[in-house]
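Enquirer: this one's sequence-less:
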Ligand code: HMG
Ligand code: MG
């Protein structure tokens, strides 16, 4: 069910449910995970505008780019130029992906204050994505995390292929927990559980979080390849997770993971969260407007269902500005069920 605001824009009717957090931090990965998998290299000015629009829409954390080998991900080879072009908004974090010592060196030179390292839970993906074995990937991360912490940086960690891997099948839960614990023990403040190829299902999500002993320091990162990302997110929220990765417009994917498609779309996530009465601090209208603008730059429509629905509704009502249309939830929410 939807309601329509003063501007005529659609928004979900808020029906809060028991057992969910009051507020969720959306960790926005569009400029990094989104743009790293685009067939075209997006001009640096467009990237900078994308990041600025995301901050203006209320994002407090925007993973901006990667300091990986530029030959491995040419789409993000302009990381240094982009960081120089991004105007920092107070209160907004701008983490970057860093795989190794060379990447950290480049990030430190530019005054980065938060990084994310990324490990694999499987042998095959460690080889394909990092040119390392499951074990030797840690020889690469350990000095990076130690040096970053010495410099006072915040360090997040990802584990990829937490649910399954296109080459090895379902990933054993113990294997994921072992890799994740090693990263947390290095001093990473947060561990994002990546479903890189989108094969997880809600029971699997609950089991994995349970195997970590609960949601403390965990975030989730779902790709929507099999249409499970929202259901999996709800399972993670019910298990107590309060940080959810998403990409505005639903763009994204890892070029080294066969069959990886877009991330959970931020707009689809926000529609569900606002419908559940969970605060995000995000302006859905501004996000939809941003994705529609970006789709024009990428030359293809956004895969987000909410963007498709709202941009269609808005194009039928040209007098209604998209940024106002899906205005925030009505002030009177029904009581919790
Ligand atoms: P390698 O070939 O083993 O590198 O690649 P190396 O250490 O042997 O170094 C070879 C040369 O590359 C050296 O130069 C280095 O200096 C240079 P030379 O001495 O020969 O002239 N080099 C670099 N140059 C610039 N920046 C660097 C860098 N590192 C080395 N950082 C490496 C190892 C890790 C670099 C490579 O495998 C790589 O860049 N991989 C990144 C792949 C990637 O970015 N994948 C996508 C992100 S992960 C993802 O999307 C999943 C996630 O979203 C979560 C999920 O969905 O599950 C996070
Ligand atoms: Mg990803």
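Expert: Thanks, I have the structure now. The shown structure was predicted, so the numbers you read here are calculated from the model rather than taken from an experiment. Ligands and ions are numbered 1, 2, ... in the order given.

Enquirer: which helices and strands does the helix or strand residue 270 falls within pack with?
Expert: Using DSSP states H and E, residue 270 sits within helix 266-275. In this structure, helix 266-275 makes packing contacts with strand 10-12, strand 25-28, helix 229-238, strand 243-246, helix 284-298, helix 305-315, judged by 3 or more CB pairs under 8 Å, 6 or more residues apart in numbering; DSSP states H and E. To be clear about C-beta, it is placed using only N, CA and C from the backbone, and glycine gets the same treatment.

Enquirer: ranking those by burial, who's on top?
Expert: Of the helices and strands packed on helix 266-275, the one with the most neighbours on average (mean count of other CB atoms under 10 Å) is strand 243-246, at a mean of 26.

Enquirer: how about that strand, does it reach ligand 1?
Expert: No. Against ligand 1, strand 243-246 shows no contacts by CB under 6 Å from any ligand atom, the least distance being 7.9 Å.

Enquirer: just the closest residue of the stretch 151-300 of the chain to ligand 1, please.
Expert: residue 194 (2.3 Å; CB to the nearest ligand atom).

Enquirer: what does the stretch 201-337 of the chain have sitting close to ligand 1?
Expert: Going by CB under 6 Å from any ligand atom, the residues of the stretch 201-337 of the chain near ligand 1 are 221, 223, 254, 256.

Enquirer: got a winner among these for most neighbours?
Expert: Neighbour counts for these (other CB atoms under 10 Å) peak at residue 223, which has 30 neighbours.

Enquirer: hang on, residue 261 packs against residue 226?
Expert: No. With contacts counted by CB atoms under 8 Å, residue 261 stays clear of residue 226, the gap being 9.1 Å.

Enquirer: show me whatever sits in contact with both of these two.
Expert: The contact sets of residue 261 and residue 226 overlap at residue 198 (CB atoms under 8 Å, 6 or more residues apart in numbering).

Enquirer: could you pull out the strands for this protein?
Expert: 2-4, 10-12, 25-28, 65-66, 96-97, 114-120, 154-160, 164-165, 169-170, 190-195, 218-222, 243-246 (DSSP state E).

Enquirer: pick out the shakiest of the ones you listed, pLDDT-wise.
Expert: With a mean of 47, strand 2-4 has the lowest mean pLDDT of these.

Enquirer: endpoint to endpoint, stretch 238-250 covers what distance?
Expert: Length of stretch 238-250, first residue to last, CA to CA, to the nearest Å: 23 Å.

Enquirer: and it, how far from the chain's centre?
Expert: Between the centre of stretch 238-250 and the centre of its chain there are 7 Å (CA atoms, centre = their mean, to the nearest Å).

Enquirer: for stretch 251-259, same thing?
Expert: On CA atoms, centre = their mean, the centre of stretch 251-259 falls 13 Å from that of its chain.

Enquirer: contact partners of it?
Expert: Under CB under 8 Å, 6+ apart, the answer for stretch 251-259 is 29-30, 33-38, 72-73, 125, 128-129, 160-161, 166-167, 196-197, 223, 225, 260-263, 294, 298, 302-303.

Enquirer: please apply the same query to stretch 236-245.
Expert: For stretch 236-245, the external contacting residues (CB under 8 Å, 6+ apart) are 19-21, 23-29, 33, 190, 192, 205-206, 209-210, 214-215, 218-222, 233, 263-264, 269, 278.

Enquirer: now a ChimeraX select for only the buried ones of the residues you listed.
Expert: Entered in ChimeraX, the line below selects the buried ones among the contacts of stretch 236-245, by 16 or more other CB atoms under 10 Å:
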select :20,21,24,25,26,27,28,29,33,190,192,205,209,215,218,219,220,221,222,233,263,264,269,278
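
Enquirer: right, and residue 149 touches residue 155 too?
Expert: Yes. Assessed by CB under 8 Å, residue 149 is found in contact with residue 155 at 6.4 Å.

Enquirer: returning to what we had before: pLDDT on the helix holding residue 270, on average?
Expert: 98.

Enquirer: tilt between that helix and helix 284-298?
Expert: 170 degrees (axes from the mean of the first three to the mean of the last three CA atoms, to 10 degrees).

Enquirer: what residues does helix 266-275 touch?
Expert: Contacts of helix 266-275 (CB under 8 Å, 6+ apart): 11-15, 24, 26, 28, 30, 229-230, 233-234, 244, 246-250, 279-280, 282, 284, 287-288, 291, 304-307, 310, 328-329.

Enquirer: now find how far off-centre it is within its chain.
Expert: On CA atoms, centre = their mean, the centre of helix 266-275 falls 14 Å from the chain's centre.

Enquirer: low-confidence ranges in the stretch 51-200 of the chain?
Expert: Scanning the stretch 51-200 of the chain for pLDDT under 70 picks out no residues.
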